[in-house]
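K.L.:
generate coordinates for the sequence data below:
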Amino acid sequence: GLRVTLVHELPHALQDQHFALGQFLGDSRDDGEETARRALAEGDATRIEDDYVLQVLTDDEQAAYEAEFEDQLEQSEASTGGVPDFLSASFGVPYALGPPFVTMLLNDDGNRSVDDAFDEPPSTEEHLFDPASYLLEERADPPSLGLDDAEDQGPLGSPNWFLVLAQRVDPDQAFEATLGWAGDRFASYEKDGRTCVRAVFRGDTEEDEEQMEAALDAWVAAMPAGAATRIEVRRHPGLDSCDPGPDVAITLADSSGDLLLLPNTWGYLQAQVSGSLGPAGSRCFARTMLAGLPFARLVDPARQDELGLEIGRRTAGAYAACESVP
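P.N.:
Numbering: from 1, shown residues only. Modelled structure (predicted):
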């Protein structure tokens, strides 16, 4: 485990020598860009770590490392048992979504693409959540919050929109609504002595905003009465949610860690064909591959062999269907 950890950390030293890693992370304009840059650095180090485990360690060493890793994971989960799962998942975004993002770069133009990304880094968390958006050079256009006295304004980001929504609504609906992200803004404010949060979403298209409206309506309906309201600010969908007070019981979901498997899988499917189909084609490929495969099936440990066979059967057809996507 120590050897594998060193192999992960040494690429960070190399990144620092070539790209001034501390400054690279510190130059971020907001939390979303900082997370995206950190994901690039962590994804780059993780691919070297993975290569070391698979190509250098013997079979016996790999088995010993996996056993050691599982033991450390159990200890970590026990020591952080009181931390809401949502927070753990949010902090884990660079480690869950950085590797597929870097894999996409490698398949696009090899190590040169990874180096180029340090010079032209991802600027939003959408570039992690939907990696094709980075190659397509899609940028954020934050909407107005419509608030005069808001505090701590900033981007909520695609991963957090997804994680928040999926606590209350079907993860597949939450994921589809979030994929249409073209910018957002959120802030905290005070209302009648209560702390509230407002978040406003801009979609790529009118259909994307309609999908987000439906997801927000379902989320609000799943909350205690009066705790949240779906709003519209300058024709963009949004959410007002206030602390309901100590007398209202709200159950926290425990699925956040598993939820990141969905954008992780989406990213790896895009990465698999980014070099041959291009970014738009790789996005088509990922959508075609996941069509009709609900989240519950992706995370069911008893059905992984069956899922692997289904993915294999779909690959050729999905590739052919997306070859002509410009």
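K.L.:
for residue 239, what are its contacts?
P.N.:
Taking C-beta atoms under 8 Å, 6 or more residues apart in numbering, we find residue 239 in contact with 197, 198, 199, 200, 216, 219, 220, 228, 229, 230, 231. In short, each C-beta sits where N, CA and C put it, glycine included.
K.L.:
give me the beta-bridge partners of it?
P.N.:
Applying DSSP bridges to residue 239 yields these beta-bridge partners: residue 199, residue 230.
K.L.:
and it, what's its pLDDT?
P.N.:
Residue 239 is assigned a pLDDT of 96 by the prediction.
K.L.:
quick one: low-confidence ranges for the stretch 201-326 of the chain?
P.N.:
For the stretch 201-326 of the chain, the stretches with pLDDT under 70 are 251-257.
K.L.:
can you pull out the helices in it?
P.N.:
206-221, 256-259, 261-290, 295-298, 304-322 (DSSP state H, counting those that start in this stretch).
K.L.:
cool, and the stretch 1-150 of the chain?
P.N.:
So, for the stretch 1-150 of the chain - with DSSP H, counting those that start in this stretch - the helices run 2-19, 21-26, 31-55, 59-79, 85-91, 93-119, 126-129, 132-135.
K.L.:
closest to residue 168 out of those?
P.N.:
Smallest distance to residue 168 across the helices of the stretch 1-150 of the chain (C-beta to C-beta): 11.5 Å, for helix 85-91.
K.L.:
give the other helices and strands that the closest one contacts.
P.N.:
helix 158-166, helix 256-259 (3 or more C-beta pairs under 8 Å, 6 or more residues apart in numbering; DSSP states H and E).
K.L.:
mind redoing it with 6 Å?
P.N.:
When contacts are defined as 3 or more C-beta pairs under 6 Å, 6 or more residues apart in numbering; DSSP states H and E, helix 85-91 sits against helix 256-259.
K.L.:
still on that earlier bit, tell me which of the helices of the stretch 201-326 of the chain sits most buried.
P.N.:
Most buried of the helices of the stretch 201-326 of the chain by mean neighbour count (mean count of other C-beta atoms under 10 Å) is helix 261-290; its value is a mean of 21.
K.L.:
packing partners for it?
P.N.:
Using 3+ C-beta pairs under 6 Å, 6+ apart: helix 261-290 touches helix 93-119, helix 132-135, helix 304-322.
K.L.:
roughly how far apart are the residue nearest to residue 322 when sequence neighbours are not counted and residue 319?
P.N.:
Counting by C-beta to C-beta, 6 or more residues apart in numbering, residue 284 is the residue found nearest to residue 322 once chain neighbours are left out, at 3.8 Å. Note on residue 284: its distance to residue 319, by C-beta to C-beta, to the nearest Å, is 10 Å.
K.L.:
and for residue 155?
P.N.:
Distance of residue 155 to residue 319, computed by C-beta to C-beta: 34 Å.
K.L.:
what is the burial count for residue 123?
P.N.:
19 (other C-beta atoms under 10 Å).
K.L.:
surely it touches residue 33?
P.N.:
Yes. Judged on C-beta atoms under 6 Å, residue 123 makes contact with residue 33 at a distance of 5.2 Å.
K.L.:
neighbours of residue 237, how many?
P.N.:
Residues lying near residue 237 (other C-beta under 10 Å) number 25.
K.L.:
isn't it right up against residue 215?
P.N.:
No. Counting by C-beta under 6 Å, residue 237 does not reach residue 215; the two are 8.9 Å apart.
K.L.:
residues near residue 157, how many?
P.N.:
When neighbours are defined as other C-beta under 10 Å, residue 157 has 27 of them.
K.L.:
typed the wrong thing, it's residue 323
P.N.:
Residue 323 sits with 14 neighbouring residues when counted by other C-beta under 10 Å.
K.L.:
not counting sequence-adjacent ones, nearest residue to residue 7?
P.N.:
The shortest distance from residue 7 to any non-neighbouring residue, by C-beta to C-beta, 6+ apart, is to residue 52 (4.4 Å).
K.L.:
hang on, the earlier thing: for the helices of the stretch 1-150 of the chain, give me a markdown table that also has distance to residue 323, mean neighbour count and mean pLDDT.
P.N.:
Formatted as a markdown table, the helices of the stretch 1-150 of the chain follow (distance: least, C-beta to C-beta, whole Å; neighbours: other C-beta atoms under 10 Å; pLDDT from 0 to 100):
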| stretch | distance to residue 323 | mean neighbour count | mean pLDDT |
| --- | --- | --- | --- |
| helix 2-19 | 35 | 14 | 96 |
| helix 21-26 | 37 | 14 | 94 |
| helix 31-55 | 27 | 20 | 96 |
| helix 59-79 | 37 | 11 | 91 |
| helix 85-91 | 35 | 16 | 85 |
| helix 93-119 | 16 | 20 | 95 |
| helix 126-129 | 24 | 29 | 97 |
| helix 132-135 | 15 | 23 | 96 |
